[in-house]
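S.K.: Provide a 3D model corresponding to the input given below.
(chains A and B)
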Amino acid sequence: MNIKELLSAKTQAAMVALGLPADTNTAVTISTKVEFGDYQINGAMAAAKLLKTNPRALAEQLVQQLDLADMAEKVEIAGPGFINVTLRKDWLAAQLVGASQNPRLTLSANPAPQTVVVDYSAPNLAKEMHVGHLRSTIIGDAVVRCLEFWGDKVIRQNHMGDWGTQFGMLIAHLEDKLAAGIDLEQVALADLEDFYREAKKRFDDEAGFADKSRDYVVKLQSGDAHCQKLWQLFIDTSIKHSDEVYKTLKVTLGHEHIKPESAYNAMLQPIVDGLKQQGLAVESEGALVVFLQELADKEGNPSPFIVQKTGGGFLYATTDLAACQYRSFDLAADRIVIFTDARQALHFKQVELVARKAGLLKDHVAYDHCPFGTMMGEDGKPFKTRTGGTVKLAELLEEAVVRAKAVVEQKSTDLSAEEMAEVARKVGIGAVKFADLSKNRTSDYVFSWDAMLSFEGATAPYLQYAYTRVSGILRRAGINESFVAPLQLVEEQEKQLAVKLLRLEETLQAVMKDAVPNLLCNYLYELSSQFMSFYEACPILKEGIEPDLKNSRLMLSILVASTLKQGLDLLGIEVMERM
RNA sequence: GCGCCCGUAGCUCAGCUGGAUAGAGCAACGGCCUUCUAAGCCGUGGGUCAUAGGUUCGAGUCCUAUCGGGCGCGCCA
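M.R.: Next up is the predicted model:
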């Protein structure tokens, strides 16, 4: 059910009947104020300009053409030509029938399922995951869950960084550690950051180490068995680290989704050869470069895109072209969605241009690079800890659970110790995820321990608390999701809840189109907030409530519970019956 | 130098294809627990939407310039 689409379709038909072109913008939106009804149609004003008529008169003609009697109790023209639609309560109630018994809730069927490749998380295996990796990982995962819930075929791709030049240095260092008889997991790679720092220090200071490192990169990439073995050892251990973080975050990435940079190695030379043959790549200053006139500066100097280094080495540009080919042809993607930080925006623009020219992307395939802003410190400068390092993701998550536990112990005194630990985990992790997911993807954002670990206001615990309140009612009433009763929307709070419940599809569509889960966060917060108001204003299990009204309110509560639970699940946030 | 992103309340942020009197949360202040979980609810105060022009019936949203911040621009990823 998508009320906005329904209204838009009806408006469009009415516009065509009045002689307007079929592509006229109907401009159906949600009303900004209760006085303006539930939805408003704003298209009459722009259309009037097209027909050179009076907008108010056109609005009146439109209203006469529109047949909304079944769904609207009031259709009013206001101001210069706004059409305000107030929906009928019985119509709203009818739209919700059966939703609680349907795993898709109020969603309609997906008319054209797509194959969508989603590239997200992509940690650099040379280093431990830090807070900067949070965004790509959980935004990507939320979008993936939404697409799957909607009914698209999703192929997850974890484009792990396992093939860069720093791996020569890392395996050279690892070789020496192992030679010294040090246990791999317990000592050598327990802390990837320390390991990296040690290796870097030797690379900078120790005579001969840098040369050996460079030699090892070449050997590794050309298939030398000894280097491959050491590298594999390092990669396996490093993946274990990211696995733990994924598990804690409830991120749906597994080993089967790993498609690391190294996996494209064999495709690189043929791609570069192809670019040369097509005349796209030319030699320049010893390297092979594709010059892009589309991205030229004011003087007409084209933007260079290096696909092969002097000496023959390949770069991430080449790998990303290979990824285009693999996803478009082997995986048969209709759409490719990539989550990385905004600094790579130019790079991906170049990749798409070159891939399309070279035929590495089929024409119909959408290529969406979804950037997100840089993480800033509370001083507004790029984020660094006091020691100049980064905050490890694992540490942030641990701290979140510790802080949540303190709150839970203070507020949830009638839970067992095990229940408290479980609630603390869900609240702590949920808070971190919600804090990040609820922000607009594109702007830079400020990293703050306190903001990220806040449990009051528009936070995950607020939504989780709303869920426990509904659960409490259903538990006390002795019913579960299979309970069915007719809905009667009497109070304003009840009607508003119904409208909000029916807005799930609208919200999901917007989230999937632009890969912006913050809209789902807003939606769920508003749903919870409206439920809280309903909870305060509309008693359910108290004395003197008519049985029909009580059952109707229980029905509404079940719909809120399912939508909240499902919605939070789409964000990868867990709920609980009590807290 | 050129390019991309951003600038909304004291703070952190919403604001969907341009729409009516710009919304939340935090912080501040005032109410509400013998009645479905007070991690809550109800209310008050707080804004020249960076600045100046422009397009439009209508601009936080589109265009231009300026200021401020972040980032990117040939062999790292």
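S.K.: Could you pull out the helices in the stretch 251-400 of chain A for me?
M.R.: A:265-277, A:316-325, A:345-358, A:393-411 (DSSP state H, counting those that start in this stretch).
S.K.: Up against RNA strand B, what does the stretch 301-450 of chain A have?
M.R.: Within the stretch 301-450 of chain A, the positions near RNA strand B by C-beta under 7 Å from any atom of the strand are A:303-304, A:306, A:309-310, A:313, A:315-316, A:319, A:342-347, A:373-374, A:376, A:378, A:380-382, A:404, A:407-408, A:411-412, A:423, A:427, A:438-440, A:442-446, A:448. Backbone N, C-alpha and C define where each C-beta goes, glycine included.
S.K.: Buried ones only from those residues, please, as a PyMOL command.
M.R.: Written as a PyMOL command, the selection of buried residues from those, which uses 16 or more other C-beta atoms under 10 Å, is:
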select buried, chain A and resi 303+306+315+316+319+342+373+404+407+408+412+423+427+438+439+445
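S.K.: Grab the nearest non-local neighbour of A:Gly311.
M.R.: A:Gly286 (7.8 Å; C-beta to C-beta, 6 or more residues apart in numbering).
S.K.: Just to check, A:Lys212 is in contact with A:Leu170?
M.R.: No. Using C-beta atoms under 8 Å, A:Lys212 is not in contact with A:Leu170; the gap is 11.9 Å.
S.K.: Could you report the distance from the residue nearest the centre of chain A to A:Val337?
M.R.: Residue closest to the average C-alpha location in chain A (C-alpha atoms, centre = their mean): A:Ile139, at 2.8 Å. Distance of A:Ile139 to A:Val337, given as C-beta to C-beta, to the nearest Å: 10 Å.
S.K.: try A:Lys177
M.R.: Using C-beta to C-beta, we find A:Lys177 at a distance of 39 Å from A:Val337.
S.K.: more crowded one of those two?
M.R.: A:Val337 (23 against 17; other C-beta atoms under 10 Å).
S.K.: Could you report the pLDDT at the residue nearest to A:Gly311?
M.R.: In this model, A:Gly286 is scored at 93, pLDDT.
S.K.: thought it was touching A:Gly312?
M.R.: No. A:Gly286 lies out of contact with A:Gly312 (C-beta under 8 Å); the separation is 10.2 Å.
S.K.: returning to that earlier point: helix, strand or coil for the residue nearest to the centre of chain A?
M.R.: Recorded secondary structure, A:Ile139: helix (DSSP: H, G, I helix; E, B strand; the rest coil).
S.K.: Surely it and A:Val511 touch.
M.R.: No. The pair A:Ile139 / A:Val511 is not scored as a contact, 10.3 Å apart, by C-beta under 8 Å.
S.K.: overlap in contacts of these two?
M.R.: Applying C-beta atoms under 8 Å, 6 or more residues apart in numbering, one finds that A:Ile139 and A:Val511 are jointly contacted by A:Pro517.
S.K.: Can you list the low-confidence ranges for chain A?
M.R.: A:185-188, A:386, A:388 (pLDDT under 70).
S.K.: Assign a three-state SS to A:Val118, would you?
M.R.: A:Val118 - assigned by three-state DSSP - is strand.
S.K.: Helix or strand for the nearest residue to A:Ala210 once chain neighbours are set aside, just tell me which one.
M.R.: Distances taken as C-beta to C-beta, 6+ apart place A:Phe203 nearest to A:Ala210, at 5.2 Å, with adjacent residues excluded. Assigned by DSSP states H and E, A:Phe203 belongs to helix A:192-205.
S.K.: circling back: which residues does the residue nearest to the centre of chain A contact?
M.R.: A:120, A:339, A:370, A:372, A:436-437, A:441, A:515, A:517.
S.K.: hmm, try it at 7 Å
M.R.: With contact taken as C-beta atoms under 7 Å, 6 or more residues apart in numbering, A:Ile139 is in contact with A:339, A:372, A:437, A:441, A:517.
S.K.: ok so, going back, same for the helix holding A:Phe203, what does it pack against?
M.R.: The contact analysis (3 or more C-beta pairs under 7 Å, 6 or more residues apart in numbering; DSSP states H and E) places helix A:192-205 against helix A:166-179, helix A:209-221.
S.K.: Who has more neighbours out of A:Lys212 and A:Leu170?
M.R.: A:Leu170 (28 against 18).
S.K.: That one and RNA strand B: what is the separation?
M.R.: A:Leu170 sits 13 Å away from RNA strand B, going by C-beta to the nearest atom of the strand, to the nearest Å.
S.K.: got the contact list for the residue lying closest to that residue once chain neighbours are set aside?
M.R.: Once flanking residues are discounted, A:Leu170 sits nearest to A:Ala199: 5.4 Å by C-beta to C-beta, 6+ apart. Neighbouring residues of A:Ala199 by C-beta under 7 Å, 6+ apart: A:169-170, A:173.
S.K.: Please tell me how far A:Ala199 sits from A:Lys384.
M.R.: 21 Å.
S.K.: now do A:Ala78
M.R.: Taken as C-beta to C-beta, the span from A:Ala78 to A:Lys384 is 53 Å.
S.K.: out of the helices and strands packed on helix A:192-205, deepest packed?
M.R.: By mean neighbour count, with neighbours taken as mean count of other C-beta atoms under 10 Å, helix A:166-179 ranks first of these at a mean of 21.
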